[in-house]
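> Structure of the sequence below:
(2 chains)
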Protein chains: 2
Amino acid sequence: MDSSMINFKVIKKSKLSRARLGILQTPHGVVQTPALVPVATQAVVKTLTSDQVVATGSQLLIANTYHLAIRPGASTVKKQGGLHKFMHWPKPLMTDSGGFQVFSLGFGRELGTNKVITNQVKTRIKSGQQPKNLVISDDGVEFRSHVDGRKLFLGPRQSIRLQEQLGADIIYAFDECPPPQASRTYTQEAVGRTHRWAKVCLQTKRSNQALYGIVQGGRFRDLRILSARFMAGLDFNGYGVGGEFGQHKINMSRMLNWVTDELPPAKPRHLLGIGHLSDIPLLIKAGIDTFDCIVPTHYARHGTAFTSQGQLDMYKQIHKNIRQPLDTKCSCPVCSQYSRSYIYHLLKSHELTGLSLLTFHNLYFFNATVAGWRKLIKQGKL
Amino acid sequence: MDSSMINFKVIKKSKLSRARLGILQTPHGVVQTPALVPVATQAVVKTLTSDQVVATGSQLLIANTYHLAIRPGASTVKKQGGLHKFMHWPKPLMTDSGGFQVFSLGFGRELGTNKVITNQVKTRIKSGQQPKNLVISDDGVEFRSHVDGRKLFLGPRQSIRLQEQLGADIIYAFDECPPPQASRTYTQEAVGRTHRWAKVCLQTKRSNQALYGIVQGGRFRDLRILSARFMAGLDFNGYGVGGEFGQHKINMSRMLNWVTDELPPAKPRHLLGIGHLSDIPLLIKAGIDTFDCIVPTHYARHGTAFTSQGQLDMYKQIHKNIRQPLDTKCSCPVCSQYSRSYIYHLLKSHELTGLSLLTFHNLYFFNATVAGWRKLIKQGKL
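As a prediction, the model looks like this:
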């Protein structure tokens, strides 16, 4: 594993919490940690150009192996010179394993798009049954494409091959991510598969991309610790922490501490798919170095701006005549150039530029917020 | 009219055609003519930020008085410090009179969105009847808002007041733009109203914005000449040429020459709403200085890229694996950063960024093309 082309250094460890300040070096430059990782699901941060994403202060993106494997296909991306070149992203890049999407599509369809869980489905999940749309075996998962319905198979070998074709700096071992309602029995089985698959991923990888193993275990303390110890014992370049925290978010700090206490302190830790503004200090204090989340970009596309004064619903008429920017304390170009009145007008007029401006501001605001937390660690105040 | 804050100089007059090279000075900077005027209907060039529009080489935009009067309202824009400030556009800006939209909405609804004209409607237009959705009088037009259906009235006084509130550098007199199928009788009446309204506009204007009169007259030589002579006799700062050329586009050069031969050579001439790539050399050779057109932006949003090798339909699968940019001869950032393969992927994946990239490239390409025509005039080759 010495061929890995990332290098991680903890510069400062907080005395008040598990928080740490770090430098993650990659073939495409350096990431100052803790860092937000904006989501580029389909090889693009929705509504922005890559130049704009750079200008938001984003340091590292995560793209989606499942989506890119289905469209345009990992081989297409490879023929285009890899993901960095394809999407014109000059900075560090990760791809997820595809596991989360495959499993959430499986359960997600049964749970229904409106998230109302029928008793029937509840019973099946609790009893440890597998979702109807998937066939899970020790080799991986058979599922259907959400685009054209064709049968596909994804397992640890396939995931690594796909991620090698995509060519990000950091890739992830294939894992099973059960839904938050999953029973202990089901979660234990999923952890078992995830551990076996982790070894297969390490054996499969030929590239010198950095490979992160993913800790699972749901809400069960012993399973989380078991999984973290198991992964720590394997020669990964870093670690992801997966699984939804669901209704138990209030306990997120405690659950993260179970994991980070077991992981090797010299290696980077990434929290997958978590990052509401209120979560960020908690996960940083639990010793997480990087975390990806759709919140800043997804909320932007629904008209929400994050500001130092709280969230703004920019579709509300109250903004119609407000000359002030989204956030008077923000130094982003959107806030120095445009009023709330203008952004409200764009949204009401169905102008896509409104969504781009909100996405830009939200990413800038989140990145600046995380930079603020880094500063506090440096000053020994977190 | 000496209070007008524009100044136009013809630098060079072609010996081979009516083409001329000019400099149009405005309170917000200089426009090198001939120039394309991109359309910012709702105070935004669709899908782009104002910084991006500047980077396409655009010199002058036209915004839409009708749309802005309805949403967000001209008084809202005024409260925000005027249109330049509202949309953060630092360069020269014009607003149209609103006439075209009011009249085209009236006839447009009857003609049907699919442009199939029923014989009934044809008969009514040819017989000189007015559209059902409008009540046209000597004072202006009563119509209904396309947003909420409320009754509105727009005439020369209202148009000037609205355009003064919007505060562009160049504004237009209120005119009636009949459809291309209109009879001679109808067109003659419309020209009469347009002429009376032109005088009212000149009397109404209090600001020091530049005011352009609009020449109408449809496809009728004598009416065009009559209208051009009438407008030339009034103290406008420049002239618009309005009316659709419809099926008679092949005769566009001839029809434009009727008009430009009558207009004062020292004043700028703007052609309203025309600018397919193939039209551009024709209208420049007819002595037009500026022209607005939705072609580069509208086509982009439907997946069409304009290139030195012709048009590309970027939704076509042929582009899936093409590493080349949209146009190997184009020096825009889209062409230096992204492949056709990537843009195809974005479009197929419904990513809005794909539309922004195509809009950027098309505007850049059109502006570069027009710059090429300017160079030819300079070299005495057009």
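> For the stretch 101-250 of chain A, what lies in contact range of chain B?
Proximity of the stretch 101-250 of chain A to chain B, by C-beta under 8 Å from any C-beta of the partner chain, involves no residues. Bear in mind the C-beta positions are built from the backbone N, C-alpha and C, glycine included.
> Mind doing that once more with 10 Å?
By C-beta under 10 Å from any C-beta of the partner chain, the residues of the stretch 101-250 of chain A that approach chain B are residue A:147.
> how about the helices of the stretch 101-250 of chain A, start to end?
For the stretch 101-250 of chain A, helices defined by DSSP state H, counting those that start in this stretch occupy the ranges A:119-126, A:156-166, A:184-204, A:221-232.
> so can I have CSV of these showing mean pLDDT?
Supplementary listing: the helices of the stretch 101-250 of chain A in CSV, determined by pLDDT from 0 to 100:
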stretch, mean pLDDT
helix A:119-126, 60
helix A:156-166, 98
helix A:184-204, 96
helix A:221-232, 97
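> I'd like those helices laid out as TSV, including mean neighbour count and distance to residue A:266.
Shown next, in TSV, are these (neighbours: other C-beta atoms under 10 Å in any protein chain shown; distance: least, C-beta to C-beta, whole Å):
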stretch	mean neighbour count	distance to residue A:266
helix A:119-126	14	38
helix A:156-166	23	24
helix A:184-204	20	18
helix A:221-232	19	11
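> so which of the ones you listed comes closest to residue B:340?
For residue B:340, the closest of these is helix A:156-166, at 19.3 Å, according to C-beta to C-beta.
> Which pLDDT value goes with the closest residue to chain B within the stretch 101-250 of chain A?
Residue nearest to chain B within the stretch 101-250 of chain A (C-beta to the nearest C-beta): residue A:147, separated by 9.3 Å. Here the pLDDT value assigned to residue A:147 is 81.
> before we move on, the earlier item: possible to save the helices of the stretch 101-250 of chain A as a markdown table with distance to residue B:291?
A markdown table is the format used below for the helices of the stretch 101-250 of chain A (distance: least, C-beta to C-beta, whole Å):
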| stretch | distance to residue B:291 |
| --- | --- |
| helix A:119-126 | 61 |
| helix A:156-166 | 45 |
| helix A:184-204 | 60 |
| helix A:221-232 | 64 |
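> now for the ones you listed, which one comes closest to residue A:48?
Here helix A:156-166 is closest among those (C-beta to C-beta), at 20.0 Å.
> quick check: angle from that closest one to helix A:184-204?
Inter-element angle recorded for helix A:156-166 and helix A:184-204: 50 degrees (by axes from the mean of the first three to the mean of the last three C-alpha atoms, to 10 degrees).
> And stretch A:262-272, what's buried?
Using 16 or more other C-beta atoms under 10 Å in any protein chain shown as the burial criterion, the residues of stretch A:262-272 that qualify are A:262, A:263, A:267, A:268, A:269, A:270, A:271, A:272.
> in the sheet, who's paired with the closest residue in space to the third one that isn't next to it in sequence?
If the residues on either side of it in the chain are set aside, residue A:267 comes closest to residue A:238, at 5.1 Å by C-beta to C-beta, 6 or more residues apart in numbering or on different chains. Under DSSP bridges, the beta-bridge partners of residue A:238 are residue A:212.
> what's near enough to touch residue A:238?
Contact analysis of residue A:238 by C-beta atoms under 10 Å, 6 or more residues apart in numbering or on different chains lists A:4, A:6, A:8, A:24, A:94, A:170, A:172, A:210-213, A:263-264, A:267-270, A:289-290.
> check contacts around residue A:297.
Counted by C-beta under 10 Å, 6+ apart, residue A:297 has contacts A:38-41, A:45-48, A:53, A:355, A:358-360, A:362-363, A:366.
> Just these: which are in strands?
A:39, A:40 (DSSP state E).
> and the contacts of residue A:297, which are buried?
A:38-41, A:45-48, A:53, A:355, A:358-360, A:362-363, A:366.
> Could you single out the nearest of those residues to residue A:251?
Closest approach to residue A:251 among the buried ones among the contacts of residue A:297 (C-beta to C-beta): residue A:366, at 23.5 Å.
> buried stuff in stretch A:50-58?
Buried residues in stretch A:50-58 (16+ other C-beta under 10 Å): A:50, A:52, A:53, A:55, A:56, A:57, A:58.
> can you check stretch A:287-306 too?
Buried residues in stretch A:287-306, counted by 16+ other C-beta under 10 Å: A:287-293, A:295-297, A:299-301, A:303-306.
> Pick out the residue closest to the middle of chain A.
The residue lying closest to the centre of chain A (C-alpha atoms, centre = their mean) is residue A:292, at 3.1 Å.
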